[in-house]
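K.L.:
dropping the sequence and predicted coords here.
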2 protein chains.
Amino acid sequence: MTSSVTFVDIQSAAERLAGQAHVTPVITSRSLDEASAARVYLKCENLQRVGAFKFRGAYNAISRLAPEVRARGVLAYSSGNHAQAVALVGHLLGAPATIVMPATAPAIKRAATEDFGATVVPYDPATQSREGIADALQREHGFTLIPPFDHPHVIAGQGTAALELHGQQPGLDTLLVPCGGGGLICGCAIATRGAAPGCRVIGVEPEVADDATRSFRTGTLHTVHNPPTIADGTRTASLGRLTFPLLLEHVDDMVTVPEEAIVEAVRFLFFRVKLVVEPSGALGVAALLSGAVRPAGRVGVVLSGGNIDGETMTAILQGR
Amino acid sequence: MTSSVTFVDIQSAAERLAGQAHVTPVITSRSLDEASAARVYLKCENLQRVGAFKFRGAYNAISRLAPEVRARGVLAYSSGNHAQAVALVGHLLGAPATIVMPATAPAIKRAATEDFGATVVPYDPATQSREGIADALQREHGFTLIPPFDHPHVIAGQGTAALELHGQQPGLDTLLVPCGGGGLICGCAIATRGAAPGCRVIGVEPEVADDATRSFRTGTLHTVHNPPTIADGTRTASLGRLTFPLLLEHVDDMVTVPEEAIVEAVRFLFFRVKLVVEPSGALGVAALLSGAVRPAGRVGVVLSGGNIDGETMTAILQGR
């Protein structure tokens, strides 16, 4: 079977992103090395534009649209970082962006999306279907939907994070990647196969949102419904039509971490590493600090995002 | 007059620090560039070991002690980052460290100092003199005092931050550096004279702790007494015997910022840049965002430290 996303796709995406995405730094911390008994290299996608890796996939996908398609506009449904990424990239590439967002989304994420010039269409997730609203907007205006993860150009874009990391830090033995819908981990796994074939790729999920781990173990697609995790980027119901088979083919293992470990990882990154990382972004560090994984050698960790609101960080800093 | 610290001293310090201090990353942020109408390069000394540039000066100074002097132990009086730096470097170089610290110091800083294996001797700043306690400890145990800023080896060590920055990002037009006792800014200014002679060096102080600015303007040493600034790293009473003439000779200008600008800079760095920076460390960004400086071209900013406790950050995030 031909893979829907290849290493060459990721290399091409990296060329498209050059000069647009930040080359995010790789940071080491002796405190983290000691606490995790490993040599850890943090790939700081929290320092990426819009504060998350999502910029990469959105840029790759929207830049590949024909000019007349772009000009009609792009559409996303997302409460989070994908919305901000589509909003900013739409602004950069002349594609007016409309974002269908739950009325309950964190205020910081809605404000940031609007700051990039996007139109936000709120909906009530209890009574309305975002797909229905999005379909109507597409039919009426000719918008192009940019999916949050289940699209080959999005997956290829996300994979550039790992491609870049292996160039910055050759010789990694293990790479830990957060897993929500699977766009980031599948892209990173394919990039790793091509750029660092000896490196194992391990996905990390919250225990209470372990659909991808169960899907990986059983080979059957499992789902979760609105899981009660602080890692809001991983609340997606399931892997996608593309990401599920890619995960089975390219990812070496999946592990889960309890909520307390995620909170502890955010706190550790704040106090000891001096980085602002959102809960979903801290899953790899949570896996190290909690012992969910005990990798030997050099460990890359993708810190996938840093968009955390003040209330959530306050609660974490105060140990509530 | 021969300068007490030269460019060659800083180059030698950089050799001593190689492999010991982190080469801290230089980070750019489009949000910050837009908000400040400048091209800004953030030198992340908040990501340095012990979370502050102070590691550099302490390492340079202690590594230059003769082995038998080191073995007797080192002493510092500090409530802050210098204490942690001397504690860690003492541990690394086999010099038992004793830190004389006000009983009122933030808990996070005392705990971090003890975590590095140092002995903390608390004192009551209202009734006891730290110099008196330190003198007695020196006489009794033969400890060597490592001053927080007014020592040529300390100043040379701090200057390696700017030397490194100019190597990472050539062509800076302006460099903004926080100013407390003057060790960092004097070291950075001397390094800049040698490595990037066209770059102007500007020191930044809180308005309410503007002793160095007044000293710079008048050529006469001014002092402050326990100034009410959130930037606790700049509460030093005055420049030192060495740093005052070095500042007059090598620094191009001094500016001050109000407390609100410092708080806003910490908040901006948290939400928009995703970095944890303590108030003293955010002075350069405060000067940019508040318009206290409006530099053209490329602006380097030393983010000098990231050691902020949870209560202070909570208050800042909540806008109290």
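P.N.:
Looks like it came in fine.
K.L.:
what mean pLDDT does stretch A:109-125 get?
P.N.:
pLDDT averaged over stretch A:109-125 equals 88, rounded to a whole number.
K.L.:
how about it: buried residues?
P.N.:
Using 16 or more other Cβ atoms under 10 Å in any protein chain shown as the test for burial, stretch A:109-125 gives A:109-110, A:112-113, A:116, A:118, A:120-121, A:123. Placement of C-beta: from N, CA and C, glycine included.
K.L.:
between those, which sits nearest B:Leu47?
P.N.:
Comparing the buried residues of stretch A:109-125 against B:Leu47 with Cβ to Cβ places A:Ala112 closest, at 24.4 Å.
K.L.:
how close does that closest one sit to B:Leu163?
P.N.:
Note on A:Ala112: its distance to B:Leu163, by Cβ to Cβ, to the nearest Å, is 37 Å.
K.L.:
repeat for A:Leu184
P.N.:
Distance from A:Leu184 to B:Leu163, by Cβ to Cβ: 37 Å.
K.L.:
sec struct for the residue lying farthest from the centre of chain A, please.
P.N.:
Within chain A, A:Glu140 marks the point farthest from the mean C-alpha position, 30.1 Å out by Cα atoms, centre = their mean. Classification of A:Glu140 using DSSP: H, G, I helix; E, B strand; the rest coil returns helix.
K.L.:
give me the element the residue in the stretch 101-250 of chain A that chain B sits nearest to is part of.
P.N.:
Going by Cβ to the nearest Cβ, chain B is nearest to A:Ile108 of the stretch 101-250 of chain A, at 7.4 Å. Following DSSP states H and E, one finds A:Ile108 within helix A:107-115.
K.L.:
got a list of contacts for that helix?
P.N.:
A:50, A:79-81, A:83-84, A:87, A:99, A:101, A:120, A:122, A:307, A:309-310, B:271 (Cβ atoms under 8 Å, 6 or more residues apart in numbering or on different chains).
K.L.:
need the buried residues of stretch A:109-125 in CSV (columns: distance to A:Ala265).
P.N.:
Output for the buried residues of stretch A:109-125, formatted as CSV (distance: Cβ to Cβ, whole Å):
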residue, distance to A:Ala265
A:Lys109, 21
A:Arg110, 26
A:Ala112, 23
A:Thr113, 26
A:Phe116, 29
A:Ala118, 31
A:Val120, 31
A:Val121, 34
A:Tyr123, 32
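K.L.:
gap between stretch A:265-279 and the chain center?
P.N.:
Here stretch A:265-279 is found 17 Å from its chain centre; the criterion is Cα atoms, centre = their mean, to the nearest Å.
K.L.:
likewise for stretch A:116-134?
P.N.:
21 Å.
K.L.:
what residues does it touch?
P.N.:
Residues contacting stretch A:116-134 (Cβ under 8 Å, 6+ apart): A:50, A:75, A:77, A:83-84, A:86-88, A:90-91, A:96-105, A:110, A:113-114, A:137, A:145.
K.L.:
can I have the buried ones of these as a ChimeraX selection?
P.N.:
ChimeraX command restricting the contacts of stretch A:116-134 to the buried ones, with burial defined by 16+ other Cβ under 10 Å:
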select /A:50,75,77,83,84,86,87,88,90,96,97,98,99,100,101,102,105,110,113,137,145
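K.L.:
my reading is that A:Met101 lies in a strand. Confirm?
P.N.:
Yes. Counting by three-state DSSP, A:Met101 falls inside a strand.
K.L.:
do I have it right that it meets A:Leu75?
P.N.:
No. Shown here, A:Met101 and A:Leu75 do not form a contact pair, counting by Cβ atoms under 8 Å, at 11.4 Å.
K.L.:
how about residues contacting whichever strand or helix holds A:Asp33?
P.N.:
Here A:Asp33 sits within helix A:30-36, counting by DSSP H and E. Defining contact as Cβ under 8 Å, 6+ apart, one finds that helix A:30-36 is touched by A:39-40, A:42, A:268, A:272-273, A:285, A:288-289, A:299, B:49.
K.L.:
let me know the pLDDT of A:Met1.
P.N.:
51.
K.L.:
what's the answer for A:Val8, then?
P.N.:
pLDDT for A:Val8: 98.
K.L.:
for the helix or strand where it lies, the distance to its chain's centre please.
P.N.:
Assigned by DSSP H and E, A:Val8 belongs to helix A:7-17. A distance of 17 Å separates the centroid of the chain from that of helix A:7-17, by Cα atoms, centre = their mean.
K.L.:
other SSEs contacting it?
P.N.:
The contact analysis (3 or more Cβ pairs under 8 Å, 6 or more residues apart in numbering or on different chains; DSSP states H and E) places helix A:7-17 against helix A:54-63, helix A:152-168, helix A:183-195.
K.L.:
and the next helix or strand after the second one, what's buried?
P.N.:
What that stands for is helix A:152-168. Next in sequence after helix A:152-168, counting helices and strands by DSSP H and E, comes strand A:174-178. The neighbour-count check on strand A:174-178 (16+ other Cβ under 10 Å) flags A:174-178 as buried.
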